[in-house]
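S.K.: okay, here's the prediction I keep looking at, along with the sequence it came from:
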Amino acid sequence: MTYPSPRYFGETGEINATFRPANSTPELITGGGAYHYLATNTSTDGEFGLYRVDMNGAPGGPSLHFHKTISESFFILSGRMNLFDGERWIEATEGDFLYVPVGGLHAFRNDSGEPASMLMLFAPGASREGYFEGITELAGLSDEERTRFFIEHDSYFTDMRKGPQGGFIRRA
């Protein structure tokens with residue numbers, strides 16, 4: 001088994017852990033739910049970003065997209081979420097996990113009408129806080145500004161959707 005090259009060269013270890021209680025106030029509340037910034041790009045020195053997303057039951061979620069610089073993982077804590085793994089939609093429930101490598105097509109939606117909660121992990125770390133906070137303002141942006149926003153946040157949405165026979169079809 002191989003490990004990454006050492007990055008800590010001390011001999012005694014350090015007291016440098018961070019604890020966050022489960023009942024901490026979310027950093028962002030939107031019409032669709034709440035975002036808890038558990039571990040950000042800044043707090044992990046770029047290693048990963050971990051976010052808890054509590055959706056309130058209103059239908060919603062991003063359409064088919066991919067990332068060029070980060071992988072994304074989903075772990076369902078409670079409720080039901082529809083996850084798209086690049087080939088099919090999966091109804092995911094508590095304990096289900098989906099890993100999407102860099103470049104992997106994916107999407108997610110809460111179509112259950114009930115609250116759902118999940119962890120989202122991005123690796124390496126990326127400043128997703130700006131993305132989460134910015135998506136609430138998309139309606140007020142021009143097409144050019146919206147395109148710039150998505151590129152800045154490594155989110156490349158396709159003009160395709162999955163058809164009923166399994167193949168991709170162009171959006172109307």
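M.R.: Arrived safely, thanks for sending.
S.K.: residue closest to the middle of this protein?
M.R.: Closest to where the C-alpha atoms of the chain average out (C-alpha atoms, centre = their mean) is M120, at 4.5 Å.
S.K.: now that residue: which helix or strand?
M.R.: Using DSSP states H and E, M120 sits in strand 116-123.
S.K.: quick one: strands adjacent to that strand?
M.R.: In the sheet, strand 116-123 lines up against strand 49-55 (antiparallel), strand 71-78 (antiparallel) (DSSP bridges).
S.K.: including mean pLDDT and distance to L141, could those strands go into a markdown table?
M.R.: Every C-beta, even on glycine, is put in place using the N, C-alpha and C of the backbone. What follows is those, written out as a markdown table (pLDDT from 0 to 100; distance: least, C-beta to C-beta, whole Å):
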| stretch | mean pLDDT | distance to L141 |
| --- | --- | --- |
| strand 49-55 | 97 | 22 |
| strand 71-78 | 98 | 23 |
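S.K.: among these, which is the most enclosed?
M.R.: Compared across the strands paired with strand 116-123, strand 49-55 shows the largest average neighbour count, a mean of 22 (mean count of other C-beta atoms under 10 Å).
S.K.: that one: what's the following helix or strand?
M.R.: Toward the C-terminus from strand 49-55 - assigned by DSSP H and E - lies strand 65-66.
S.K.: distance from the chain centre to that following strand, please.
M.R.: Taking C-alpha atoms, centre = their mean, to the nearest Å, one finds strand 65-66 lying 11 Å from the centre of the chain it belongs to.
S.K.: show me the contact partners of it.
M.R.: For strand 65-66, the surrounding residues in contact (C-beta atoms under 8 Å, 6 or more residues apart in numbering) are G103, G104, L105, H106, A107, S155, Y156, F157, T158.
S.K.: show me which of these is closest to A126.
M.R.: Set against A126, the nearest of these by C-beta to C-beta is S155 (10.2 Å).
S.K.: which pLDDT value goes with the closest one?
M.R.: According to the prediction, S155 has pLDDT 94.
S.K.: what is the burial count for it?
M.R.: As a burial measure, S155 scores 17 neighbours (other C-beta atoms under 10 Å).
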